[in-house]
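Undergrad: coordinates only, sequence not included:
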């Protein structure tokens, strides 16, 4: 299980979520929860986000230029394909 809390720049609560992952590795849960948080933020139109994670490996992966390009392409496809 994973989850997150959304707060604005004043620290005020804006929402939360939980995700049930079933069986698997902790890394998979951390990564899928993080990607789900990004998807929620995108759906709400929040363009500037601050992510925190307990997994340094997830942070390292998200900092990778390949992942950032792939994520950007995925989000742009959502705009183009849905539009």
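TA: Yep, that arrived. These numbers come from a predicted model, not from an experiment. Residues are numbered from 1 along each chain as shown.

Undergrad: Which parts of this structure are helices?
TA: Assigned by DSSP state H, the helices in the chain fall at 26-43, 56-63, 65-82.

Undergrad: any idea which of these scores lowest on pLDDT?
TA: When these are ranked by mean pLDDT, helix 65-82 comes last with a mean of 61.

Undergrad: Next one: residue 43 relative to residue 33, how far apart?
TA: To residue 33, residue 43 is 16 Å away according to Cβ to Cβ, to the nearest Å. The way it works is simple: take the backbone N, C-alpha and C, and place the C-beta from them, glycine included.

Undergrad: what does residue 3 give?
TA: 7 Å.

Undergrad: overlap in contacts of the two?
TA: residue 19 (Cβ atoms under 8 Å, 6 or more residues apart in numbering).

Undergrad: ok so, going back, so which of residue 43 and residue 33 has more stuff around it?
TA: Between residue 43 and residue 33, counted using other Cβ atoms under 10 Å, the more crowded position is residue 33 (21 against 9).

Undergrad: Can you tell me the closest non-neighbouring residue to the more buried one?
TA: Nearest residue to residue 33, sequence neighbours excluded (Cβ to Cβ, 6 or more residues apart in numbering): residue 2, at 3.2 Å.

Undergrad: could you list every residue that touches the one you found?
TA: Taking Cβ under 8 Å, 6+ apart, one finds 18, 19, 21, 29, 30, 32, 33, 36 in contact with residue 2.
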